[in-house]
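Student: Here is a sequence together with a model predicted from it:
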Amino acid sequence: MTEQHAHDGFVLPAIGLGTYRLNGVAGADAVSSGLRAGYRLLDSAFNYENEGAVGRGVRESGIERSEVIVTSKLPGRHHGYDAALRTIEESVYRSGLDAIDLYLIHWPNPGVGAYVEAWRALIEARECGLVRHIGVSNFLPEHLDRLEGETGVRPVVNQIELHPFFPQEEALALHRERGIITEAWSPVGRAGEMAEHPVVRGIAEAHGVTPVQAILAWHVARGVVPLPKSGDPERQRENLASTELALSDAEVSAITALGRPDGRMKGQDPAAYEEF
Ligand SMILES: NC(=O)c1ccc[n+]([C@@H]2O[C@H](COP(=O)([O-])OP(=O)(O)OC[C@H]3O[C@@H](n4cnc5c(N)ncnc54)[C@H](OP(=O)(O)O)[C@@H]3O)[C@@H](O)[C@H]2O)c1
């Protein structure tokens with residue numbers, strides 16, 4: 001497994017478990033089964049309404065709390081400083097955990113223009129121990145520049161839409177240069193069309209693995225931490241096993257070449273998209 005290191009020494013495992021739509025008892029069971037299978041990084045968000053299920057899954061898994069990195073995210077409607085701090089407190093209470101390990105601003109919502117204020121609240125939350133590490137999601141280069149320029153604090157992670165149809169080469173290069181770890185959301189394109197693509201299928205067949213595993217190995221080879229969501233223990237193990245698969249440089253390039261300018265799944269361009 002290839003760990004990823006941020007500029008401040010923070011380390012993430014090669015792969016994490018997405019949890020969107022893993023809610024309630026079934027969600028807690030899925031999180032717990034993921035941890036028992038070997039995942040140590042969990043992705044969640046205030047807006048997924050499952051911080052409780054994630055926290056419960058952590059407690060029920062029997063895995064040491066200190067070995068697990070739990071992520072949550074601040075929604076757009078709470079970017080004001082006081083609202084952000086209250087929301088982070090609420091995330092911690094909902095999870096039932098001592099603290100959240102990694103807290104991200106979910107979207108920059110540049111039309112509102114309060115993401116720097118939100119970032120100041122995340123910095124304060126880290127200082128008072130509510131969260132351990134802070135980062136962002138869906139931030140474009142100009143948003144990253146503003147955060148650092150105005151606060152002097154650089155995010156450890158930027159979680160972005162990234163999959164074979166939208167390989168984000170420029171963002172990856174920028175993050176690498178700055179020591180910001182790139183996490184990929186919808187890393188397997190929700191196991192739709194791109195897992196059926198002949199290039200992906202051909203590479204998978206050459207290695208005797210599934211197309212989803214070939215896509216996940218492509219992320220790992222590029223130094224990206226994919227966050228595939230699965231509620232199914234068998235598919236969770238399948239996805240985790242992809243980190244053992246090494247693709248050749250030519251195979252990595254062939255998958256990257258599937259990128260399209262309009263390759264986003266739902267056209268959610270962070271320059272314009274607003275999520276509250
Ligand atoms: N920051 C953001 O703005 C943002 C946005 C979207 C998502 N996310 C995060 O990223 C995570 C992943 O993204 P996502 O859930 O959109 O998409 P994804 O992980 O690309 O795909 C998940 C879908 O693929 C299926 N699947 C997973 N592994 C499979 C396998 N090996 N074979 C066949 N099907 C498989 C899952 O079904 P089963 O569960 O039935 O296996 C589920 O329907 C989310 O859960 C969330 O944590 C963040």
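Tutor: That came through fine.
Student: and the residue of the stretch 1-150 of the chain nearest the ligand?
Tutor: residue 18 (2.5 Å; C-beta to the nearest ligand atom). Quick note: C-beta positions are derived from backbone N, CA and C, even for glycine.
Student: which ones are touching that residue?
Tutor: Residue 18 sits next to 43, 185, 187, 227, 228, 229, 230 when contact means C-beta atoms under 8 Å, 6 or more residues apart in numbering.
Student: restrict those to contacts with the ligand.
Tutor: Restricting those to those touching the ligand (C-beta under 6 Å from any ligand atom) yields 43, 185, 187, 227, 228, 229, 230.
Student: can you give me phi and psi for the fourth one?
Tutor: Here is the backbone geometry of residue 227 (degrees, to the nearest 10): phi -120, psi 60.
Student: tell me the average confidence for stretch 212-221?
Tutor: Average pLDDT, stretch 212-221: 98.
Student: Make JSON lines out of the ones next to the ligand among the contacts of residue 18 and add distance to residue 193, pLDDT and neighbour count.
Tutor: Formatted as JSON lines, these follow (distance: C-beta to C-beta, whole Å; pLDDT from 0 to 100; neighbours: other C-beta atoms under 10 Å):
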{"residue": "43", "distance to residue 193": "23", "pLDDT": "99", "neighbour count": "26"}
{"residue": "185", "distance to residue 193": "17", "pLDDT": "98", "neighbour count": "19"}
{"residue": "187", "distance to residue 193": "14", "pLDDT": "98", "neighbour count": "26"}
{"residue": "227", "distance to residue 193": "20", "pLDDT": "99", "neighbour count": "26"}
{"residue": "228", "distance to residue 193": "16", "pLDDT": "98", "neighbour count": "27"}
{"residue": "229", "distance to residue 193": "17", "pLDDT": "98", "neighbour count": "23"}
{"residue": "230", "distance to residue 193": "18", "pLDDT": "98", "neighbour count": "22"}
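Student: in the lowest-mean-pLDDT helix or strand in the chain, what counts as buried?
Tutor: The weakest-scoring helix or strand in the chain, judged by mean pLDDT, DSSP states H and E, is helix 193-196 (a mean of 95). Neighbour-count burial for helix 193-196, counted by 16 or more other C-beta atoms under 10 Å, picks out 194, 195.
Student: now for that helix, which elements pack on it?
Tutor: Packing partners of helix 193-196 (3 or more C-beta pairs under 8 Å, 6 or more residues apart in numbering; DSSP states H and E): helix 211-221.
Student: next SSE after the helix it packs on?
Tutor: strand 225-226 (DSSP states H and E).
Student: Quickly check: the helix or strand following that following strand near the ligand or not.
Tutor: Counting by DSSP H and E, the element after strand 225-226 in chain order, helix or strand, is helix 233-241. Yes. Using C-beta under 6 Å from any ligand atom, helix 233-241 reaches the ligand at 235, 238, 239.
Student: Same list, those, but as JSON lines with pLDDT and neighbour count please.
Tutor: Putting these into JSON lines (pLDDT from 0 to 100; neighbours: other C-beta atoms under 10 Å) gives the following:
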{"residue": "235", "pLDDT": "98", "neighbour count": "15"}
{"residue": "238", "pLDDT": "98", "neighbour count": "18"}
{"residue": "239", "pLDDT": "98", "neighbour count": "29"}
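Student: In TSV, list the residues you listed along with distance to residue 156.
Tutor: Supplementary listing: the residues of helix 233-241 next to the ligand in TSV, determined by distance: C-beta to C-beta, whole Å:
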residue	distance to residue 156
235	28
238	29
239	23
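Student: Now tell me what touches stretch 250-261 from outside.
Tutor: Under C-beta under 8 Å, 6+ apart, the answer for stretch 250-261 is 164-167, 169, 194, 197, 199-200, 203, 206, 214-215, 218, 221-222, 247.
Student: Report the buried members of those residues.
Tutor: Buried by 16+ other C-beta under 10 Å: 164-167, 194, 197, 199-200, 203, 214-215, 218, 221-222, 247, out of the contacts of stretch 250-261.
Student: Around the ligand, pick out the residues from the stretch 151-276 of the chain.
Tutor: 159, 185-191, 212, 227-232, 235, 238-239.
Student: what do you get for the stretch 1-150 of the chain?
Tutor: 18, 19, 20, 43, 106, 137, 138.
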